[in-house]
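[1] Generate a structure from the sequence data that follows.
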Amino acid sequence: MASKSPTIVDIHTHIYPPKYVELLKSRTTVPYIRQLPGQTVPHLIILPQETIGRPIGDEFSSIARKVEFMDKHNISISVLSLANPWLDFLPASEAEAAAKEINDDIDAMCKLYPGRLYCLGTLPVSVGAKACVREVKRLRELQQIRGIVMGTTAMGRGLDDEAMEQVWGAIQEEGWTVFLHPHYGLPGGVYGERAGEYGHVLPLALGFPMETTIAIARMFLSGVFDKFPKLQLLLAHSGGTLPFLAGRLESCILHDKQLKEAGKLHQGRRTVWEILKTNVLLDAVIYSSVGLRAAVEAGGVDRLLFGTDHPFFPPVGEKAEEEKWLSVTLNSKAVADLFGEDQEKSQAVLGRNAMRWLKLD
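    Residues are numbered from 1 along each chain as shown. Prediction:
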């Protein structure tokens, strides 16, 4: 008798729903969508330093194309999230209404494929804490929502902003998992004068992971996880460089005189390692078993969740439409290489962990 195929859950998969696409097309400043002369596919410009941007076909907004991708790669369930830059850029006068409309839009799209599609909500961060709390609570009314996606700047001053405490409190109370995703990267100057010759490689490969690492380190240092001990954050790209640098971060904390004088090194304080194993989840979008091993050793197998980053990083070959996506094959291979014949661990990372943590039906 043939063994049943494992359940594969993609928790790092993005979409720009139709309402969001309309919003971007109506804009003339970053972020926006524009039609370039001589091009048949519109281009998306989401970073200030971009001049051409990237092609944005219907794979970015079509729910049917999303399911087609899933079927091609044997993905059982996807948990969709609005792609960056979310609603960070909207003026306060527009953001709350937009959050409701877009969250409702994604939820409705997921209902078209019951049991296969779920989603994460987004918050009107430019309005302030009270509006965010209202949306955190309202998301409970939406059937397919299983958490919240958020950028590293939160309401504009970072995740360690004291004004965020109302939001963290509401999120903890509602039991939502927060998917933390980078967007802003590092200051462009750090990449050097020739950075423009290297496409998007430096900001995506290095800037995004460091942005995530710095953001979560600020949360550690400010005591967010001590104030909200049940908070769960799912970090994109296997936590950036956090699994590798956690020991150095903890050592720097223990050796910091300013923190000691402020009473932050008291007996019983939770270490970075403890928080990694109780409050932090990591996705498996790291593309090799080397990085995946660090993620497992930092947080544990039960806190690692598979993802693909679709529809970003498409194939670039001459027969791209026919090719399987490296974001799937490399991340799947990393799981297989790391765990070998241990199917229990492999299947936990590929699907069972997500089913449990995100309460997928």
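
[2] roughly how far apart are residue 127 and residue 142?
    19 Å (CB to CB, to the nearest Å). (Glycine included, C-beta is placed from N, CA and C.)

[3] of the two, who's got more company?
    Between residue 127 and residue 142, counting by other CB atoms under 10 Å, residue 127 is the more crowded of the two (23 against 18).

[4] Phi, psi for that one please.
    phi -80, psi -40 (degrees, to the nearest 10).

[5] Kindly report the same for residue 171.
    Per degrees, to the nearest 10, the backbone of residue 171 is at phi -60, psi -40.

[6] Can you show me the strands along this protein?
    If DSSP state E is used as the criterion, the strands of the chain fall at 9-15, 32-34, 43-45, 54-55, 77-82, 117-121, 145-151, 177-181, 232-235, 280-283, 304-305.

[7] Quick one: distance of the first one to the chain centre.
    Centroid displacement of strand 9-15 relative to its chain, using CA atoms, centre = their mean, to the nearest Å, is 9 Å.

[8] What lies in contact with that strand?
    Outside of strand 9-15, the residues within contact range by CB atoms under 8 Å, 6 or more residues apart in numbering are 60-61, 63, 66, 70, 75-83, 106, 109, 179, 234, 236, 283, 285, 305-312, 350-351, 354-355, 358, 360.

[9] Low-confidence stretches in the stretch 251-361 of the chain?
    318-320 (pLDDT under 70).

[10] could you redo the last one with a cut-off of 90?
    266-268, 315-323, 361 (pLDDT under 90).

[11] Residue 70 is in contact with residue 78, isn't it?
    Yes - the pair residue 70 / residue 78 is scored as a contact, 5.8 Å apart, by CB atoms under 8 Å.

[12] and residue 159, how many neighbours does it have?
    So residue 159, with other CB under 10 Å, has 24 neighbours.

[13] Just confirm it contacts residue 225, I think it does.
    No - if you go by CB under 8 Å, residue 159 and residue 225 don't touch, sitting 10.8 Å apart.

[14] Need the overlap of contacts for the two.
    residue 219.

[15] The lengthiest helix in the chain packs against which elements?
    In the chain, taking DSSP state H as the definition, the longest helix is helix 92-111. Applying 3 or more CB pairs under 8 Å, 6 or more residues apart in numbering; DSSP states H and E, one finds that helix 92-111 makes contact with helix 18-25, strand 77-82, strand 117-121, helix 129-138.

[16] chain center to the first one, what's the gap?
    To tie it back to what came earlier, the one meant is helix 18-25. With CA atoms, centre = their mean, you get 20 Å for helix 18-25.

[17] Only the buried residues of it, if you could.
    Residues 20-21, 23-24 are the ones in helix 18-25 that count as buried (16 or more other CB atoms under 10 Å).

[18] The residue positioned nearest the centre of the chain - nearest residue in space that isn't next to it in sequence?
    Nearest residue to the geometric centre of the chain (CA atoms, centre = their mean): residue 181, 3.6 Å. Among residues not flanking residue 181 along the chain, residue 236 sits closest, at 4.5 Å (CB to CB, 6 or more residues apart in numbering).

[19] Tell me if I'm right that that neighbour and residue 182 touch.
    Yes - using CB under 8 Å, residue 236 makes contact with residue 182 at a distance of 6.5 Å.

[20] so what sits against both of the two?
    Residues touching both residue 236 and residue 182 (CB under 8 Å, 6+ apart) are 208, 212.

[21] which intervals of the stretch 51-200 of the chain have sub-threshold pLDDT?
    51-55, 188, 196, 199-200.

[22] how much space between the closest residue to residue 311 other than its chain neighbours and residue 302?
    Nearest residue to residue 311, sequence neighbours excluded (CB to CB, 6+ apart): residue 59, at 4.5 Å. Separation of residue 59 from residue 302 (CB to CB) stands at 32 Å.

[23] try residue 69
    In terms of CB to CB, residue 69 sits 27 Å off from residue 302.

[24] Give me the more crowded residue out of the two.
    residue 69 (22 against 16).

[25] ok, the more buried one touching residue 312?
    No - counting by CB under 8 Å, residue 69 sits too far from residue 312 to count as a contact (12.0 Å).

[26] joint contacts of these two?
    Counting by CB under 8 Å, 6+ apart, nothing touches both residue 69 and residue 312.

[27] For residue 154, which non-adjacent residue is closest in space?
    residue 164 (5.4 Å).
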